[in-house]
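[1] only geometry, no sequence info:
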């Protein structure tokens, strides 16, 4: 069990996420209990609960695929990475197309432009360093490459589109961000652990979804109370925002995605060490084979020289 704790975490975390569907996600100060209803809501009664539960299902599949030993093959690892991108995009599209957040507008201020440029430059620099450092000394350090690529991206963007507003469907934004992370995960060597890197990125994104949902969960309870028939023909009574709170289900969801993150990092670290050890063993074996070949060639040469010396008549 101790040996496989990372895989257990990658399975247990998503299962706990799914289980929060039956837990309380939001509750009101108990003093309101006899004045307004409902004073608490469980996951299955809220859109947020279903969002977190379905996210748990997708992460469970991703975690199981990544935990599979066969995922250490570069092509399989890349396929798992693509799955995580598609899953995140489809998940976002499903839950945003019929809401006010179907489209996200982003003002390209200098700060936003700088952040986008830094993200792209970091991805490109790390990818070039991983792919080309053995071919050219220019690519052995990523910082100089980052500076050059950042300048090539930031200054043209700042001069051409800074200050404008870009509106795109939310799922397109998610696809773009996850595609960048997937490209980074696949391009950095070794490719055997690309899926592990992508799972780490995805768990961080899932953690952000859970943490940032607290305010929306509390507001959902207040909105529901305002629409609920309180009895005696009274409708529209709700608790104050300061008297509502995210309940145990939300906290459990946060703990669950943290567990997934820890498991993903742990599995990545283990596999990185395994890949490094195998690469070291392969280099040692190649060096030993080269030495054996050289010794054999030297021995053959020596034997030929000795045979030639023996065949030469003595004067």
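    That came through fine. Not measured: the values here are computed from a predicted model.

[2] Any idea how far the helix or strand residue 126 falls within is from the middle of the chain?
    Assessed by DSSP states H and E, residue 126 sits inside helix 110-132. Distance of helix 110-132 from its chain centroid, counting by Cα atoms, centre = their mean, to the nearest Å, is 17 Å.

[3] Residues contacting that helix, please?
    Here helix 110-132 makes contact (Cβ atoms under 8 Å, 6 or more residues apart in numbering) with 106, 108, 138-143, 145-146, 149-150, 153-154, 157-158, 161-162, 180-181, 183-184, 187-189. Where you see a C-beta, it was placed from the backbone N, CA and C, and this is true even at glycine.

[4] of the residues you listed, buried ones?
    For those, a neighbour count by 16 or more other Cβ atoms under 10 Å gives the buried set as 108, 139, 142, 145-146, 149-150, 153-154, 157, 180-181, 183-184, 187-189.

[5] For the stretch 51-200 of the chain, give me the ranges with low pLDDT.
    134, 138 (pLDDT under 70).

[6] Please, where are all the helices along this protein?
    5-19, 47-67, 74-96, 110-132, 142-160, 170-187, 194-212, 214-227, 248-311 (DSSP state H).

[7] quick one: contacts for residue 245?
    26-28, 218.

[8] And for residue 262?
    Here residue 262 is in contact with residue 9 (Cβ under 8 Å, 6+ apart).

[9] got a winner among the contacts of residue 245 for most neighbours?
    residue 26 (29 neighbours; other Cβ atoms under 10 Å).

[10] Spatially central residue in this structure, please.
    For the chain, residue 201 is the residue whose C-alpha lies nearest the centre (Cα atoms, centre = their mean; 1.9 Å).

[11] give the contact list for it.
    By Cβ under 8 Å, 6+ apart, the neighbours of residue 201 are 178, 181, 185.

[12] With residue 108 instead?
    116, 157, 161-166.

[13] Sort out which of those residues are in strands and list them.
    165-166 (DSSP state E).

[14] Mind putting the contacts of residue 108 into TSV with distance to residue 214?
    Putting the contacts of residue 108 into TSV (distance: Cβ to Cβ, whole Å) gives the following:
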residue	distance to residue 214
116	27
157	34
161	34
162	33
163	33
164	32
165	28
166	28
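
[15] can you tell me which of the helices of the chain comes nearest to residue 235?
    Closest to residue 235 of the helices of the chain, according to Cβ to Cβ: helix 214-227, at 7.1 Å.

[16] one step back: can you list the helices of the chain in a markdown table and add distance to residue 238?
    Formatted as a markdown table, the helices of the chain follow (distance: least, Cβ to Cβ, whole Å):
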| stretch | distance to residue 238 |
| --- | --- |
| helix 5-19 | 29 |
| helix 47-67 | 18 |
| helix 74-96 | 25 |
| helix 110-132 | 36 |
| helix 142-160 | 45 |
| helix 170-187 | 28 |
| helix 194-212 | 22 |
| helix 214-227 | 4 |
| helix 248-311 | 19 |
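
[17] now residue 76: how far from residue 192?
    According to Cβ to Cβ, to the nearest Å, residue 76 stands 9 Å off from residue 192.

[18] tell me the contacts of residue 198?
    80-81, 84-85, 181-182, 185.

[19] Sorry, slip of the keys, the one I care about is residue 270.
    So residue 270 contacts residue 6 (Cβ under 8 Å, 6+ apart).

[20] mind checking pLDDT for residue 216?
    Here the pLDDT value assigned to residue 216 is 92.

[21] oh, I was asking about residue 264
    So, for residue 264, pLDDT stands at 93.

[22] give the contact list for it.
    Residue 264 touches 6, 10, 63, 66, 196, 199-200, 203, counting by Cβ under 8 Å, 6+ apart.
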